[in-house]
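S.K.: Fold the following and give me the result.
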Amino acid sequence: MLTVAALYHFTRFPDPAALKPGLLHLCQAQGVKGSLLLAPEGINGTIAGSRAGIDTALAAIRALPGCDGLEWKESPAETMPFGRMKVKLKREIVTMGQPDVDPLARVGNYVAPSEWNDLILDPDTVVIDTRNDYEVAIGTFQGAVDPGTKAFGAFPDWWQANRDRFAGKRIAMFCTGGIRCEKSTNYLLGQGVNQVFHLKGGILKYLEEVPEQQSLWQGQCFVFDDRVSVGHGLVPGGLQVCGACRRPVTETDQTDPSYEEGVCCPACAEEYSAKDRTRFRERHRQMLLAAQRGTQHLGFAPE
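M.R.: Next up, the predicted model:
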């Protein structure tokens with residue numbers, strides 16, 4: 001059994017590029033795979049490997065400047081959900097595009113998973129899902145508002161267009177692991193919203209700690225690796241992922257006339273050119289051949 005660790009930490013990295021080679025080499029030496037993002041504001045990513053490999057990688061990350069307080073979420077995986085190890089340099093570890101947003105300055109009030117139900121059932125609370133529309137489509141909390149955004153960077157514009165709907169209410173927000181809410185709660189506080197809350201540890205921590213019989217979560221939670229989604233107890237949900245757009249694909253999607261395995265799904269049927277689709281078909285063919293050989297085709301490694 002492998003261990004999957006989802007992590008993020010906001011801190012100041014004066015020179016993120018200087019940290020990249022050491023992290024990459026250490027993870028590769030430990031057989032750890034996945035993706036880590038480095039930016040001047042901190043680190044974000046998901047990695048998978050043996051228990052010993054993950055422990056070594058996490059120890060190295062905690063040793064980075066300002067990362068001694070790193071927290072992470074773990075879940076099991078029977079097979080390796082990543083094809084390779086990547087360490088990337090970014091402007092932001094989660095892209096919101098708001099230069100004045102600074103989670104290190106202040107964030108909303110953290111709410112433990114055990115206390116989340118009481119908060120979101122309160123009629124004076126507005127619950128907002130800060131994730132992308134395709135993530136919300138396969139699962140969300142009972143009564144949550146779906147902004148319908150295709151990317152996190154669209155959240156500020158959505159808020160400005162809808163803020164009057166929520167006047168006088170307390171705002172409770174959630175996301176997969178908590179990182180988007182670090183920025184969205186800081187943004188709302190900067191917009192003059194006084195009562196702002198967010199789910200500590202995100203959906204993943206809630207699904208891990210709250211018994212299914214008591215849960216207000218409906219559906220599955222999208223994750224950015226080959227497991228595609230997880231449910232209560234962080235058990236893989238059994239969904240597939242589109243080979244082109246990386247969105248989750250349900251059984252209903254697979255019966256749609258526009259669906260072609262490894263090439264397109266109903267959500268991206270109009271998004272790619274004929275040249276793109278030819279490339280996707282060849283990649284899918286190579287993946288099938290690699291599977292027959294018992295090897296992994298790295299061209300489909302998750303971002």
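S.K.: State the helix or strand in which the closest residue to I54 other than its chain neighbours lies.
M.R.: In space, I54 comes closest to T3 once its chain neighbours are excluded; the distance is 4.7 Å by C-beta to C-beta, 6 or more residues apart in numbering. Every C-beta, even on glycine, is put in place using the N, C-alpha and C of the backbone. Assigned by DSSP states H and E, T3 belongs to strand 2-10.
S.K.: Okay, now the sheet partners of that strand, with direction.
M.R.: The strands beside strand 2-10 in its sheet (DSSP bridges) come out as strand 42-49 (antiparallel), strand 71-77 (antiparallel).
S.K.: Next up, the contacts around the nearest residue to H9 once chain neighbours are set aside.
M.R.: Counting by C-beta to C-beta, 6+ apart, the nearest residue to H9 once its immediate chain neighbours are dropped is L70, at 4.8 Å. L70 makes contact with L7, H9, L58, I61, R62, according to C-beta atoms under 8 Å, 6 or more residues apart in numbering.
S.K.: Show me where the stretch 101-250 of the chain has its strands.
M.R.: 109-111, 125-129, 139-141, 170-174, 196-199, 217-219, 221-222, 229-230, 240-241, 248-249 (DSSP state E, counting those that start in this stretch).
S.K.: comparing the ones you listed, which gets the lowest mean pLDDT score?
M.R.: Of all those, the minimum mean pLDDT falls on strand 240-241 (a mean of 88).
S.K.: circling back to that earlier point, so which of the strands paired with strand 2-10 is the most packed in?
M.R.: Highest mean neighbour count of the strands paired with strand 2-10: strand 42-49, a mean of 24 (counted as mean count of other C-beta atoms under 10 Å).
S.K.: just checking, L207 touches H232?
M.R.: Yes: look at L207 against H232 with C-beta atoms under 8 Å: they come within range, at 5.4 Å.
S.K.: hmm, back to that, so which residues make contact with the helix or strand just after the strand holding T3?
M.R.: As assigned by DSSP H and E, the chain's next helix or strand after strand 2-10 is helix 16-29. Under the criterion C-beta under 8 Å, 6+ apart, residues 13, 33-34, 36, 38-40, 47, 49, 53, 56-57, 60-61, 64, 85-87, 89 lie in contact with helix 16-29.
S.K.: Which among the strands paired with strand 2-10 is found nearest to P248?
M.R.: Nearest to P248 among these is strand 42-49 (16.2 Å), distances taken as C-beta to C-beta.
S.K.: got the angle between the closest one and helix 16-29?
M.R.: Here the directions of strand 42-49 and helix 16-29 differ by 10 degrees (axes from the mean of the first three to the mean of the last three C-alpha atoms, to 10 degrees).
S.K.: and E270, what are its phi and psi?
M.R.: Taking degrees, to the nearest 10, you get phi -110, psi 10 for the backbone angles of E270.
S.K.: And the residue nearest to H9, how close does it get to Y8?
M.R.: Distance of L70 to Y8, given as C-beta to C-beta, to the nearest Å: 9 Å.
S.K.: With L26 instead?
M.R.: Using C-beta to C-beta, one obtains 19 Å as the distance from L26 to Y8.
S.K.: Then W159?
M.R.: Counting by C-beta to C-beta, the gap from W159 to Y8 is 22 Å.
S.K.: Have a look at the two and say which one is more surrounded.
M.R.: Neighbour count, other C-beta atoms under 10 Å: between W159 and Y8, Y8 has more, with 24 against 18.
S.K.: Which parts of the protein are helices?
M.R.: Using DSSP state H, the helices assigned to the chain run over residues 16-29, 51-62, 113-121, 133-136, 155-162, 179-190, 202-209, 251-254, 274-293.
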